[in-house]
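Colleague: Curious how this folds, go ahead:
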Amino acid sequence: FAQSRVPIGFENVSFYDAWAQLDATVNYKVDRWKLQLNVKNLTDEAYLLTQALAFEGLAAQRVGVATPRTVLISLARAF
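Modeller: Predicted structure coming up:
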């Protein structure tokens, strides 16, 4: 996932930095069983995530912080 630099205000004077996030998935299947490992934000990159909103003549910008590295493990069985 990636985002180019984004203006902080509507005047386009200063900007939030661009960022990129790397995610990875590995899975292993045996018969009906599946073991999966997901890693989000593999490099543990810190960034500001921005989203511009515009509706009915109003405009706003929502800013959040990056989710730190997250590891998810799942085990599934098909029936």
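
Colleague: where does the chain have its least confident helix or strand?
Modeller: Evaluated with mean pLDDT, DSSP states H and E, the helix-and-strand set of the chain has its lowest mean pLDDT in strand 48-55, which scores a mean of 73.

Colleague: Beyond that strand, next helix or strand please.
Modeller: Per DSSP states H and E, the first helix or strand lying C-terminal to strand 48-55 is strand 58-65.

Colleague: partners of that following strand in the sheet?
Modeller: Strand 58-65 has these partner strands in its sheet, going by DSSP bridges: strand 48-55 (antiparallel).

Colleague: could you pull out the strands for the chain?
Modeller: In the chain, the segments counted as strands under DSSP state E are 2-3, 6-7, 15-16, 19-20, 24-30, 33-40, 48-55, 58-65, 70-77.

Colleague: packing partners for the second one?
Modeller: Same thing as strand 6-7. In terms of contact count using 3 or more Cβ pairs under 8 Å, 6 or more residues apart in numbering; DSSP states H and E, strand 6-7 is assigned the packing partners strand 15-16. In this view, the C-beta of every residue, glycine as well, is placed from N, C-alpha and C.

Colleague: which residues does residue 46 contact?
Modeller: Contacts of residue 46 were listed using Cβ atoms under 8 Å, 6 or more residues apart in numbering, and they are 65-66, 68.

Colleague: which one of these is nearest residue 79?
Modeller: Nearest to residue 79, judged by Cβ to Cβ, of the contacts of residue 46 is residue 68 at 35.3 Å.

Colleague: By neighbours, which of the contacts of residue 46 wins?
Modeller: Neighbours here mean other Cβ atoms under 10 Å. Within these, the largest count is held by residue 66, at 15 neighbours.

Colleague: That one and residue 44: what is the separation?
Modeller: Counting by Cβ to Cβ, to the nearest Å, the separation of residue 66 from residue 44 is 9 Å.

Colleague: Same check on residue 73?
Modeller: Residue 73 sits 18 Å away from residue 44 when distances are taken as Cβ to Cβ.
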